[in-house]
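Enquirer: Sequence below, structure please.
(6 chains, ligands or ions: 3)
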Amino acid sequence: MKLIIAIIRPFKLDEVREALGEAGVSGLTVTEVKGFGRQKGHTELYRGAEYVVDFLPKLKIEAAVSDEVFDAALEAITKSAGTGKVGDGKVFVVALDQVIRIRTGEIGADAL
Amino acid sequence: MKLIIAIIRPFKLDEVREALGEAGVSGLTVTEVKGFGRQKGHTELYRGAEYVVDFLPKLKIEAAVSDEVFDAALEAITKSAGTGKVGDGKVFVVALDQVIRIRTGEIGADAL
Amino acid sequence: MKLIIAIIRPFKLDEVREALGEAGVSGLTVTEVKGFGRQKGHTELYRGAEYVVDFLPKLKIEAAVSDEVFDAALEAITKSAGTGKVGDGKVFVVALDQVIRIRTGEIGADAL
Amino acid sequence: MKFLSFSGWKTRMQALGLALLVGVAGLTGTFDVLAQDATAPVAEAVAEAAAEPVVDKGDVAWMLTSTLLVLLMVVPGLALFYGGMVRSKNVLSVLIHVISVFSLLVVLWIVYGYSLAFSGEGAWIGNLDKLFLKGVTIDTLAATFTDGVSLPEYVFVAFQSTFAGITGALIVGAFAERVKFSAVLLFSVIWFTLGYLPIAHMVWATGGFLFERGALDFAGGTVVHINAGIAGLVGAYFVGKRVGYGREALKPHNVTLTFVGASLLWVGWFGFNAGSNLEATAGAALAFINTLVATAAAVLAWALTEKLTKGKASALGVASGAVAGLVGITPAAGLVGPLGAIAIGLAAGVICVWGVTGLKKLLKVDDTADVFGVHAIGGIVGAILTGVFYAPGLGGLGGDDFDMGAQVATQALGVVMTIAWIGIVSVVGFLVAKLVFGLRVSEEAEREGLDITTHGESAYES
Amino acid sequence: MKFLSFSGWKTRMQALGLALLVGVAGLTGTFDVLAQDATAPVAEAVAEAAAEPVVDKGDVAWMLTSTLLVLLMVVPGLALFYGGMVRSKNVLSVLIHVISVFSLLVVLWIVYGYSLAFSGEGAWIGNLDKLFLKGVTIDTLAATFTDGVSLPEYVFVAFQSTFAGITGALIVGAFAERVKFSAVLLFSVIWFTLGYLPIAHMVWATGGFLFERGALDFAGGTVVHINAGIAGLVGAYFVGKRVGYGREALKPHNVTLTFVGASLLWVGWFGFNAGSNLEATAGAALAFINTLVATAAAVLAWALTEKLTKGKASALGVASGAVAGLVGITPAAGLVGPLGAIAIGLAAGVICVWGVTGLKKLLKVDDTADVFGVHAIGGIVGAILTGVFYAPGLGGLGGDDFDMGAQVATQALGVVMTIAWIGIVSVVGFLVAKLVFGLRVSEEAEREGLDITTHGESAYES
Amino acid sequence: MKFLSFSGWKTRMQALGLALLVGVAGLTGTFDVLAQDATAPVAEAVAEAAAEPVVDKGDVAWMLTSTLLVLLMVVPGLALFYGGMVRSKNVLSVLIHVISVFSLLVVLWIVYGYSLAFSGEGAWIGNLDKLFLKGVTIDTLAATFTDGVSLPEYVFVAFQSTFAGITGALIVGAFAERVKFSAVLLFSVIWFTLGYLPIAHMVWATGGFLFERGALDFAGGTVVHINAGIAGLVGAYFVGKRVGYGREALKPHNVTLTFVGASLLWVGWFGFNAGSNLEATAGAALAFINTLVATAAAVLAWALTEKLTKGKASALGVASGAVAGLVGITPAAGLVGPLGAIAIGLAAGVICVWGVTGLKKLLKVDDTADVFGVHAIGGIVGAILTGVFYAPGLGGLGGDDFDMGAQVATQALGVVMTIAWIGIVSVVGFLVAKLVFGLRVSEEAEREGLDITTHGESAYES
Ligand SMILES: Nc1ncnc2c1ncn2[C@@H]1O[C@H](COP(=O)(O)OP(=O)(O)O)[C@@H](O)[C@H]1O
Ligand SMILES: Nc1ncnc2c1ncn2[C@@H]1O[C@H](COP(=O)(O)OP(=O)(O)O)[C@@H](O)[C@H]1O
Ligand SMILES: Nc1ncnc2c1ncn2[C@@H]1O[C@H](COP(=O)(O)OP(=O)(O)O)[C@@H](O)[C@H]1O
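Expert: Ligands and ions are numbered 1, 2, ... in the order given. Now for the predicted structure:
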């Protein structure tokens, strides 16, 4: 099992969720984050001061997936989240040792 | 060492924290997240439009634990976070390569 | 590749970002979190009730780094984030299986 | 005089009700002793005699302004004051309760409220002659406290309607975050009919029981604040504590909103207090300056009390202090001097800190927005001290024959009668609402928040 | 009386424009039939004859208060009402649009607006005699509805300037979250000059086309609300739907703000409605109490309608209900009795729920803050019902010779003329703005939000 | 005339103080040249002669309304305007500072402020005859600008108390986010006693130094705004820059709140400006319309200046522009014509953009809410331009013998005296506060935020 962590543009959430759904991923968890990278932020003006906003609003999607759907899930994300412009984000993959569904106590892929 | 990532219902936070404390976990980090899964959200009404709120408010708890307390910690979470209804959440476990306490520079289990 | 997860004091963000930049880390993702640990929170007063605020505002920084810059990155964080007082935070390190840049489809260290 | 009987829910409530009944019965025996000429400047609702009464446009201007200021107190004032104090998942429910109860009572005021409160000269309640404002036209007048000076009756009807509305809206803060909306509405109707209208009549209308006895209540300390505080307390008992009360931190989700609410209450309260003078005269100016300085004193008193007892003066404290001062000065506004007003403000500020802390713990009640601790306690402080600072020697407007002991006793009578009457009516109201709709939402709905579960929306999105 | 059919989208708008022109031409032929004596109590802008007109300080006090209340309606009232309804990335842009358009129109009012609206007695528009307020001094007077009673002309100029300003500000809610700021400003100037000033003149000025025909519009149901609603609708069509409309949940970012806005609209509306009486008399009191109870009734009506049709009464609903009731009572405020007001409030509350749901779906338009659904629909309901409840038998102030059929026809004429005139002017205005600046920001800027991309700041930080 | 001497803290401050002293000394020599008959319409505090002075209820209505409008400016207006500009960890501290300072000064006003400001006819300060409002009763009167027309003295006391209160509250914005609460309170008392009361007396009371010289300050441009701006500047220097200033983005946490605050300042300012006419006459109407249009013009001017110089017009900008326009028109409100008001508004709008950007950088000061850049700079612009647009040829109310040069010189004298006097008093005040309590919280407390560390609560929870 893998934990897929994707940083995406906020307005892409619905597309990514649908794509993941089609790829067989049934659940995910979303966090509002601020991202710093190549993409340039806008300049904000406040009285007598200008700030370049380095940190841009992004969403972090975490989805635990079984090894079967892993490849499909990765592709789903990269396809649905892209716009081709700087700032589309990244996908990180981490190995999952274990998954438990709290409600039932199921473990492993059954818990997904 | 393991990093335990648990998605729980927001109102369960205090119970889970206490249970983890008893299990020997001394620190944790909490993030407000939105979860998408089997649990159905409510319908929200806005003028001329209805939206099913797919994303439900959840909390993500991250606790780095030593291998000794790992099992107790897992059990503590699953016991304290459950209500038996859909939406109780999941626990993910990831292997931790390293932990450092910034203040002292301690590393490994000492840093927890 | 490694995923560095650091919990730091909010006001240290700019310093840490600069230090990481100098260490060769070009991107990072920041989340507002609440931390529970040794550091004692303040007491808040509300009509007829006092609450000890256990959960303190912290920032979580996630940076995916190549193995080359890993050590420099770790040191950058621990140096720049410290104040020497309880509550400076922790750094967790997790192995990264894969990284993809959504925009280009680049994978591995090239995607960082 | 008959009271409604009721049977058990919590024996505590029964005991309370009985105790109050006995207290009232006892006091009733002393009425003749306490009675004195009604020299207090309270309204003769509608002009009847008064050859050629004069309407002054300055009075009309001030009274229309005052009326809208009372509306400002309710929405957005009170709505924000309460709304900021609850958790974000319940803020909309509080806003809805406040505006709906206010709206409902204003409409009922037109239907039968005005008539029952201000038509007829019975001791306990008016009559139904002005049902649906029958006979009230653009040409009818209402008397002021000055002979020969009148207001268009519509002005008086509108002004008084907002008093009824705000009193009902004040109550809902006590059991916010878990009560059923339908129960709130049903209770409000019962309480309005059996509680508010009789008390308003007794205190303010010619022939009213307390009016004739010379109880001083310039702008509604008993009619509005003690009334709302008691009804809220009873409601908080009946509805029960919030899930997690005493264990979790049930914190205000937005103290800034609460501060804004308190500020608008202060601003609007000038309509309430100085408007109760019914004319734009020096009397209104006195009520005005008293409302300004008593509140300022109470803000400082609350902050200092918190600083001394807890080490820190909080924003929720200064906001509450302002409201406490406003409540305290309400019955006294046009009757005492500015120094008396400062004294009342200081007293209300200090004592209400106890009302929302020590006393609240004693009562073991979860009064969400401290309606009892501020409005009932502050109202009692104000009612009693009005009887003190009315003394000419203390800067008040009382005549040379003013008898402080007798006046304080009369004031206490008004307080006790209001507590008893409203206590009983509230018990009845909540029992009926409980039977008809139930009082509480399910625990799961409470956890999820009333905004989503009862009203289908959430207040904040990014 | 014929209604217009149209087809197509870009062509649809063109057709609409043409159809409206034709419709107006057709209707004009029926004017004489509809015409009747101008017995309606509408203002003669400036006193000319009136030997020794009297200025009463009570009137001045009330009218200054009323004027600032209308400002309160705009900022912060309307700004918050709209600002809360958009997403947080666009809230500042809405606030800026509201205050800028208001400010711009108030300045233009001084420059040429007042003169074109209220100087001269033409049927369609005034003259330029008072350009830059020429001849208006601290000593000139403006007439009220009562012979011999005047106001300082500056009071009238200021009061009316806020009406122009708020009408323009109302429009911007319809196409918020994607429109260009420059386009908004340019459109506002065109619409003000060709749309608002003629309509205001026609309805309110001596000699004005509708004024002379006896159309009743106490406080601006047509001039302000139908006007703004139609301009908003046209704008929403021209600017087009928001990215994501119909797919994503484009939710209010802060319903609490919207509630506060609605509350301040209610409070301020007393200036609007009771101020339109121009004197602090029983007539103002009638307009006042009607504004109170109609709104209360509409709040309840909207909540109940939502409860019955959707299962839940929402906070956005009670806020919208309040505004619907206020819009509905506006033309009728000083002309009907309180029971008529309640009826109008109930009608507006129920019908506007349809305006923002069923009708909105039919129109396939993305009217961000439902300017059309509430202001145009509520305005039409109010305009027509004014002709009904003005009847003395229904508690209204109409004389014994009141002819309901004729009055309703006159009211409908006013409605149709306003729709037609403003429809055409708006089409022109948006076409010009589109040519000069373009109407929409880029899709990327829209996604990122207008606050950052157009105004260089974001509303909220932690 | 003696000034207090003081010694070093920052040499910068010394230099400033000395420079001011010299400037004043120089100007003092020209007093006789500048002096002219006090024909300016400023208040004779209390009626003494005036056979049978008349009190008009319309005046009372307007003045009570005006007084509460000034309160509205402070809470919630100013509190939100400032509160929105700070980071969320400090918002409650700002709200507390504003309401506490206001409350404190209002109480002190009753104790000795009113007496020292308005009792007695000394050149520099009043006397103590009315300590604790001795002799002020419901029957005493205060004069207006019209012979034979009076107000109840309580009205005047209350109105003026809010001026003192708001001036003190304005100052706290300059050193928010790091100052100690106790130091704020102590400074406020010193500044009120040695700074505000003398200046108010000099400018507004019969016999006052500037009053007798014919300095024009209709509603408090010098007494309130320059005063607060200078005290704020001195405070910002003394307290020092916020941790992170210049490096981190110290952004407003909620620009919406700031916008609401600015809006309420606009609404309330009509009480401030038109209320300063003391009667509900055409003069008040002139002050009113000027306050409306100058502000509208300043909003547009600021937005346009930002657009031209930075490429984008911001919401913080339009809010600041509104305040700048209000400050600018304050001294001129009832004295110039609407076109003059528009000119003043435009000037204030443009120049204050520089005040909060270029000038601020020059001064190297961390004035959190730009109290100096808006209130002092806008106040100076307004004071000087009042001397210009008072000219009858420019639409002002000046007589035919009006001498613009002399008047501008007198205005400049008022400005310089206020700057010097308040500059010195503020240095003294902050030195004392520094000695007694210290001025700043610890760096750690500043980092964590004053809300938690000083007041034990946080503003926002979910
Ligand atoms: N090394 C990294 N570690 C963690 N997050 C990263 C890293 N690099 C980029 N990100 C995240 O991805 C987002 C997009 O990255 P950016 O460099 O702006 O564009 P792109 O992904 O198109 O190269 C950033 O805002 C940040 O949140
Ligand atoms: N595959 C997944 N990856 C990441 N998070 C998940 C996944 N599945 C569920 N979750 C999280 O767990 C929460 C609860 O899941 P849900 O399916 O609703 O109920 P249950 O845990 O009872 O099966 C979701 O809201 C989501 O936050
Ligand atoms: N075992 C843990 N797992 C996850 N987060 C932790 C853990 N221990 C501490 N933290 C995080 O680190 C922060 C600082 O820890 P704390 O014990 O207060 O001080 P210190 O890091 O100086 O020992 C906490 O607020 C929490 O967010």
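
Enquirer: alpha carbons only for contacts and neighbour counts from here, please
Expert: OK.

Enquirer: Which helix runs longest in chain A?
Expert: helix A:67-81 (DSSP state H).

Enquirer: So which other helices or strands are in contact with that helix?
Expert: strand A:2-8, helix A:13-22 (3 or more Cα pairs under 8 Å, 6 or more residues apart in numbering or on different chains; DSSP states H and E).

Enquirer: The residue of chain A found nearest chain E is in what secondary structure piece?
Expert: Residue of chain A nearest chain E, by Cα to the nearest Cα: A:Glu44 (4.6 Å). Taking DSSP states H and E as the definition, A:Glu44 sits inside strand A:43-46.

Enquirer: That strand near chain F at all?
Expert: Yes: using Cα under 8 Å from any Cα of the partner chain, strand A:43-46 reaches chain F at A:Leu45, A:Tyr46.

Enquirer: ok, that strand: who's next to it in the sheet?
Expert: Note on strand A:43-46: by DSSP bridges, its sheet partners are strand A:49-52 (antiparallel).

Enquirer: which bits of chain A sit near chain E?
Expert: Within chain A, the residues that sit near chain E (Cα under 8 Å from any Cα) are A:Phe11, A:Asp14, A:His42, A:Thr43, A:Glu44, A:Leu45, A:Tyr46.

Enquirer: quick revisit: ok, and what's touching the longest helix of chain A?
Expert: Here helix A:67-81 makes contact (Cα atoms under 8 Å, 6 or more residues apart in numbering or on different chains) with A:1-2, A:4, A:6, A:8-9, A:12-13, A:15-16, A:19-20, A:23-25, A:65, A:88, A:91, C:102-103, C:105.

Enquirer: Dig out what the residue in chain A that chain D sits nearest to forms beta bridges with.
Expert: Closest to chain D within chain A is A:Glu32: 9.9 Å, counting by Cα to the nearest Cα. Beta-bridge pairing for A:Glu32 (DSSP bridges): A:Leu59.

Enquirer: and it, how many neighbours does it have?
Expert: 20 (other Cα atoms under 10 Å in any protein chain shown).

Enquirer: check contacts around it.
Expert: Neighbouring residues of A:Glu32 by Cα under 8 Å, 6+ apart: A:Pro57, A:Lys58, A:Leu59, A:Lys60, B:Val33, C:Thr31.

Enquirer: Rounded mean pLDDT for stretch D:61-69, please.
Expert: Across stretch D:61-69, pLDDT averages out at 98.

Enquirer: Centre of the chain to that stretch, how far?
Expert: The chain centroid and the centroid of stretch D:61-69 are separated by 19 Å, computed with Cα atoms, centre = their mean, to the nearest Å.

Enquirer: do it and chain F meet at all?
Expert: Yes: Stretch D:61-69 reaches chain F (Cα under 8 Å from any Cα) through D:Ala61, D:Trp62, D:Thr65.

Enquirer: so which strand or helix has the second one?
Expert: Spelled out, that is D:Trp62. Going by DSSP H and E, D:Trp62 is in helix D:57-72.

Enquirer: between that helix and helix E:57-72, how big is the angle?
Expert: Helix D:57-72 and helix E:57-72 are oriented at 30 degrees to each other (axes from the mean of the first three to the mean of the last three Cα atoms, to 10 degrees).

Enquirer: by contact count, what packs against helix D:57-72?
Expert: Using 3+ Cα pairs under 8 Å, 6+ apart: helix D:57-72 touches strand D:149-152, helix D:153-171, helix D:255-275, helix E:57-72, helix E:255-275, helix E:282-310, helix F:57-72.

Enquirer: Look through the stretch 251-400 of chain D and state the residue closest to chain B.
Expert: Counting by Cα to the nearest Cα, the stretch 251-400 of chain D gets nearest chain B through D:Lys251, at 13.9 Å.

Enquirer: residues contacting that residue?
Expert: Residues in contact with D:Lys251 (Cα under 8 Å, 6+ apart) are C:Tyr46, D:Met85, D:Val86, D:Arg87, F:Glu461.

Enquirer: Give the full set of residues in contact with D:Val408.
Expert: Here D:Val408 is in contact with D:Ile384, D:Leu385, D:Thr386, D:Gly387, D:Val388 (Cα under 8 Å, 6+ apart).

Enquirer: and with 6 Å instead?
Expert: With contacts defined as Cα atoms under 6 Å, 6 or more residues apart in numbering or on different chains, D:Val408 is in contact with D:Ile384, D:Gly387.

Enquirer: now do D:His375
Expert: D:His375 neighbours (Cα under 6 Å, 6+ apart): D:His225, D:Ile226, D:Gly229.

Enquirer: give me the element D:Lys360 is part of.
Expert: helix D:358-363.

Enquirer: Show the subsequent helix or strand relative to that helix.
Expert: Following helix D:358-363 in sequence, per DSSP H and E, is helix D:371.

Enquirer: burial of the closest residue to D:Val136 other than its chain neighbours, as a residue count?
Expert: Among residues not flanking D:Val136 along the chain, D:Glu153 sits closest, at 6.9 Å (Cα to Cα, 6 or more residues apart in numbering or on different chains). A count of neighbours around D:Glu153, defined by other Cα under 10 Å, yields 23.

Enquirer: got it, and D:Arg247?
Expert: Count around D:Arg247 with other Cα under 10 Å applied: 9.

Enquirer: how about the residues of chain D that lie near chain E?
Expert: D:57-58, D:60-61, D:75-76, D:92, D:96, D:103, D:138, D:152, D:154-155, D:158, D:455, D:459-462 (Cα under 6 Å from any Cα of the partner chain).

Enquirer: Burial check on the residue in chain D that chain C sits nearest to, number of neighbours?
Expert: Using Cα to the nearest Cα, D:Thr357 is the residue of chain D that sits closest to chain C, at 3.9 Å. Counted by other Cα under 10 Å, the residues lying close to D:Thr357 total 16.

Enquirer: Report pLDDT for it.
Expert: pLDDT, read off for D:Thr357, is 93.

Enquirer: Tell me where the chain is predicted with low confidence.
Expert: Went with chain A since none was named. A:48 (pLDDT under 70).

Enquirer: Can you look at chain D instead?
Expert: In chain D (pLDDT under 70), the answer is D:1-51, D:462.

Enquirer: can you point me to the longest helix in it?
Expert: Max-length helix for chain D by DSSP H is helix D:404-436.

Enquirer: Which residues of chain A lie near chain C?
Expert: A:33-37, A:78, A:82, A:84, A:88-94.

Enquirer: Check whether whichever residue of the stretch 251-400 of chain D sits closest to ligand 3 sits in a helix, strand or coil.
Expert: Residue nearest to ligand 3 within the stretch 251-400 of chain D: D:Lys251 (20.8 Å; Cα to the nearest ligand atom). Three-state call for D:Lys251 (DSSP: H, G, I helix; E, B strand; the rest coil): coil.

Enquirer: Just read off the phi/psi values of it.
Expert: phi -90, psi 150 (degrees, to the nearest 10).

Enquirer: Could you pull up phi and psi at the residue of the stretch 201-350 of chain D found nearest chain A?
Expert: Residue nearest to chain A within the stretch 201-350 of chain D (Cα to the nearest Cα): D:His253, separated by 20.0 Å. D:His253 has phi and psi values of phi -80, psi -20 when expressed as degrees, to the nearest 10.

Enquirer: Next, count neighbours for the residue lying closest to it once chain neighbours are set aside.
Expert: Spatial nearest neighbour of D:His253, chain neighbours left out: F:Glu461 (4.4 Å); criterion: Cα to Cα, 6+ apart. Neighbour count of F:Glu461, defined by other Cα under 10 Å: 14.

Enquirer: Noted, bye for now.
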